[in-house]
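Chemist: kindly return the folded structure for what I paste below:
(chains A and B)
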2 protein chains.
Amino acid sequence: MRLSAADLQAGYALACQTVIDSDLEIFIPPQEEITRHLTTEKTAAKVVVPFDYSWREHSTVTKHYLEIEPPNLADNTDDLARLERELIKCCDIRGLYAPLPILQTLAQTLRHADWRVTVVLDHANGRPRIIDIVAGDQTETLYGAAIDIGTTTITVYLVDLYTGEVVETAADYNGQIKRGEDVISRIVFASKGGGLVELQSLVSNTINKLVERATIRRKCKPRDIYKMVIVGNSTMIHILLGLPPEPIRLTPYITTVNHPPTVLATELNLNIHPQAPVDCLPGVASYMGADITAGVLSSGTHHSDKVTLFLDIGTNGEMVLGTSEWLVSCACSAGPAFEGAGVFFGMRATTGAIEEVWINHKTFEPTNRVIGGGKARGLCGSGLISLIAEMFITGVTDKAGNINLSLQTPRVRTGEHGPEYVICWATETDIGKDIVITKPDIDNLLRAKAAIYAGYVVLAHSVGMTMNDVEQMLIGGSFGQYLNVEKAVEIGLLPDLPWDRFHFLGNTAARGAYMALLRRDAREEIAEIAKKMTYLELASDNSFHEQFMAALFLPHTDMTQFPSVEKVLDGKEK
Amino acid sequence: MRLSAADLQAGYALACQTVIDSDLEIFIPPQEEITRHLTTEKTAAKVVVPFDYSWREHSTVTKHYLEIEPPNLADNTDDLARLERELIKCCDIRGLYAPLPILQTLAQTLRHADWRVTVVLDHANGRPRIIDIVAGDQTETLYGAAIDIGTTTITVYLVDLYTGEVVETAADYNGQIKRGEDVISRIVFASKGGGLVELQSLVSNTINKLVERATIRRKCKPRDIYKMVIVGNSTMIHILLGLPPEPIRLTPYITTVNHPPTVLATELNLNIHPQAPVDCLPGVASYMGADITAGVLSSGTHHSDKVTLFLDIGTNGEMVLGTSEWLVSCACSAGPAFEGAGVFFGMRATTGAIEEVWINHKTFEPTNRVIGGGKARGLCGSGLISLIAEMFITGVTDKAGNINLSLQTPRVRTGEHGPEYVICWATETDIGKDIVITKPDIDNLLRAKAAIYAGYVVLAHSVGMTMNDVEQMLIGGSFGQYLNVEKAVEIGLLPDLPWDRFHFLGNTAARGAYMALLRRDAREEIAEIAKKMTYLELASDNSFHEQFMAALFLPHTDMTQFPSVEKVLDGKEK
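Modeler: Residues are numbered from 1 along each chain as shown, chains lettered A, B, ... in the order given. The predicted model follows:
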């Protein structure tokens, strides 16, 4: 029971424990409300073309303006062959494949356009396939889109395929959120009657809305987008493709397919050109999806001559250890604590979330930074990490996360759920009550960070290494962008390495999709990465549980693994 | 005006000339009714496997029973790769392509079937494509279908792809007939709003009905059919594929495509397996369709060392002249006279049609043979040819088709439409009135046969030959089956060659489709035939009109081209 007596008096009830026997109105507490403040919306605009790009050489989608000779009685070549004859003449393109929907409008298009048309071709497979034929010379623009389907956030890059530049970005919450916060609840929902169809339509609707937003800004049309590359974890990709995700959730955790075939936009109800190829990039396993293979590509882990640990933390922590020679990977279920769920005053990283905390080690008074600058509503993931690190370093908690009630401050007290620390007094908040952290909250955070840390160790051990052998640590994902290394090391979420070994890369998944959109060789590289990467199933690894138990402390039972933290603690004691 | 005073009195009206100003009931005259008597339904059953056939070697569709190892934590290979691994082991089949609808049910199918499944593959293109995956061992049967879409009749062969045998046949009138008798009226109808969609659904419905009929007899299901090969004239194929046929009708007579891509059954609403490939064979031009290239294949014209004239007469007369070295072709619009339309008492070759006529050269009294043996309702194409030949040979008409009213018989008289010859008195008929033939009817027939004959001559001249150089004449099409050579030569529809040079081959189009269904090399041969065949557009040929005018007589203005007929006439005169 997580509600206080005051909450109950105020009429709060736990939705999961309440029987509904009549009509009712539900109010969403302000800290749960999603306001349109998405960090990705701002940051994605900074993407630059990551390599040499020349559309003539690299683009698998091309446009060609043709002036075709009209037929006459002496030359009754059929429409398609007539068009191909012109393509051979102008560009030596042969063996054209025209899908039925293209053929069905071909005669009319050619005649209405007076035999002057722009042909859009897809060269990704052996035979050039006609995507579209439009009247007149429409070769001025050529667009593609790269999509990252996160469990929480979907990001769209609108790409000018002539220059290779990201010309617009758009991001928003994945519309599936209303049917479950994490992949497991989505899978459960998908397995109910009609659930998969609903989730598929929620994700395609979100993509369509973002594409529309980006194209309006660019003053073009969704139909002008002739290619889409998509990344996401395996569950997101399964749902998008309408593949039942149930076996992903059940042991032995098997996907239907890790290398999905390219499909057409129309098959997924994506409102770009209906005949545009939609390429879902390959993943490795149920919990090692295309978001990570794309992340490896864009991080360059697979080209590194240093031993590199690539990390993407969200609900799950996925990590890849390797060099240009080898890659091993594993995924740990961190639970949603870093995304603000499972913590009483936890919330997503939107307006009103405390994102950083400092505690005075003498008075134990905290100072906060709130996203948006207004009054606090709760704590987001980085705020929680920051808070717990400060509580530990200042002695508000011990190594096990127990709150020290003997401190001389009203900030520590015993509440409904046992000992708690007050971060904000009710008057300082936007929600009219004290924002506190309790032992159960801290335990949730400890379990999350312990799972991640145990993952590193088991992964390193699997190749006969320890964490000290890691020469660089690359951190992807939007959560990673706001992580404070010092605090994250202090709680034992990141390994205790020299700070210059950490690099924060932002949305590596979206950037990998973007690279694969631009260049065929980048697309092939991702397939190579997926093939080359060994996946360690932690559920079948005996040492994982042991490592997990050892990491359930601040920062770890074995302090020799965290010498810098030991030094800080020693300093405080003196 | 084709109605007699008696007709008008009886309440008959010309539908095309009548303004409808209130509700009305329309009665179809008995001779226009279609009774279920289709010659193809009987004769198709005689088809034998036309060449060596071994499914392992020739079939592009295969079935494989697989016992797949279930996944476990130590082997988390995805479902598709697991299936492919087994296919490589059993049959060295690699590079599998699984379309989205197959992937969408793959996980469930494998698990429900306890990992024992039968996989159906299509090898027609480079990469083996999964058509179907079904539970358990279902390799016992493997079916395909060959379809001939005639403007009038649709024929279905159900083929056992293990033995290569035609195990069932079914035929029926093309459901499009109610929207027009010939290709031109169908094209006109298709160009009206919704017309193309309706005609497409009428033809696919007829095919579905026939497939169902054949599969019920065979005790299998339409879904068991995993491949379909279709032939038809270019208009029929365009309509089936939903391609607007309008440019076929208008000068310069251009098709959208002569070599259509293979499509899926589901794209055409054909109720066989939805993922089954449907291969519409290639044609050459607007009026030289796949029915003729398939006819050439099955007739062997393209392998012949003799100069061969291949002929298919229906509404159009299509003809191909050639040897194994070369092929030239042309099409003449014969009009619907041979199919019983455009002739006052003309009707289709169904029950009640007079199919042969003999006239006593002294009394001018006729004797008839009626299809079905009952009373006559009208004359079908072969009956008309027979009648006109007899009238000419017995002197009832002269060379120009004028009826000799001075003969001493009540059979010749002047009617509403001028001179006419009575074939049946009203009491001998099923329709209660005299069955006659008039000068306008004869003129229609003369124009039809003149167009065909002019075609032969122009075609032969185009390669520097005359009709005497033709060493064999192969006649396809169901109409050809019932043609009496002697009579057809007497009216000048067939050239005057020794009778042993004529061979009647039946439904060459359906048989060509059947051959292409069975063997990949036969399919490739048809594409070769289509490529190799020169098409002569008669509309742009100056000599055609001249030849046509010369042939508007019985049998021809130039009697030296018909020595055997001259001999008969000489014999009669003596």
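Chemist: counting neighbours, what do you get for the closest residue to A:Pro563 other than its chain neighbours?
Modeler: Spatial nearest neighbour of A:Pro563, excluding adjacent residues (Cβ to Cβ, 6 or more residues apart in numbering or on different chains): A:Asp496 at 6.2 Å. The C-beta positions use only the backbone N, C-alpha and C, and glycine is treated the same way. By other Cβ atoms under 10 Å in any protein chain shown, 20 other residues sit near A:Asp496.
Chemist: which residue is the nearest non-sequential neighbour of the residue sitting nearest the centre point of chain A?
Modeler: Residue closest to the average C-alpha location in chain A (Cα atoms, centre = their mean): A:Gly150, at 3.7 Å. Of all residues not flanking A:Gly150 in the chain, A:Asn174 sits nearest, at 6.4 Å (Cβ to Cβ, 6+ apart).
Chemist: now the strands for the stretch 351-500 of chain A?
Modeler: Listed in chain order, the strands of the stretch 351-500 of chain A (DSSP state E, counting those that start in this stretch) span A:353-359, A:366-370, A:378-379, A:412-415, A:418-424, A:435-438, A:472-476.
Chemist: measure A:Pro247 to chain B for me?
Modeler: Distance from A:Pro247 to chain B, counting by Cβ to the nearest Cβ, to the nearest Å: 5 Å.
Chemist: element containing that residue, please.
Modeler: If you go by DSSP states H and E, A:Pro247 is part of helix A:246-249.
Chemist: if I look at the residue lying closest to A:Lys487 once chain neighbours are set aside, how far off is chain B?
Modeler: Distances taken as Cβ to Cβ, 6+ apart place A:Ala389 nearest to A:Lys487, at 3.9 Å, with adjacent residues excluded. Distance of A:Ala389 to chain B, computed by Cβ to the nearest Cβ: 36 Å.
Chemist: about what we covered before: pLDDT (mean, whole number) over the helix holding A:Pro247?
Modeler: What helix A:246-249 shows for mean pLDDT is 96.
Chemist: next structured bit after that helix?
Modeler: Next along from helix A:246-249, by DSSP H and E: strand A:263-264.
Chemist: return the list of strands paired to that following strand, each annotated with direction.
Modeler: strand A:277-280 (antiparallel) (DSSP bridges).
Chemist: from chain B, how far off is A:Thr397?
Modeler: Counting by Cβ to the nearest Cβ, the gap from A:Thr397 to chain B is 37 Å.
Chemist: quick check: that residue touching A:Ile388?
Modeler: Yes. At 7.4 Å, A:Thr397 counts as touching A:Ile388 under the criterion of Cβ atoms under 8 Å.
Chemist: common neighbours of the two, please.
Modeler: Counting by Cβ atoms under 8 Å, 6 or more residues apart in numbering or on different chains, the shared contacts of A:Thr397 and A:Ile388 are A:442, A:554.
Chemist: so for the two, which residue has more residues nearby?
Modeler: Legend: neighbour count by other Cβ under 10 Å for A:Thr397 and A:Ile388, higher for A:Ile388 (27 against 22).
Chemist: model confidence for A:Thr43, exactly?
Modeler: 45.
Chemist: swap in the one 4 residues further on?
Modeler: Listed pLDDT for A:Val47 reads 76.
Chemist: that one: neighbouring residues, count only.
Modeler: Residues near A:Val47, counting by other Cβ under 10 Å, number 19.
Chemist: same deal with A:Gly571?
Modeler: Residues near A:Gly571, counting by other Cβ under 10 Å, number 9.
Chemist: so where does it fall, helix or strand?
Modeler: Element membership for A:Gly571 (DSSP H and E) is helix A:563-573.
Chemist: now for chain A, the helix or strand with the poorest mean pLDDT.
Modeler: Of all helical and strand segments in chain A, the minimum by mean pLDDT, DSSP states H and E falls on helix A:39-43, at a mean of 44.
Chemist: pull the residues that contact the next helix or strand after that one.
Modeler: Next along the chain after helix A:39-43, taking DSSP H and E as the criterion, comes helix A:55-58. Where contact means Cβ under 8 Å, 6+ apart, the residues beyond helix A:55-58 that reach it are A:62, A:142, A:161-164, A:518-521.
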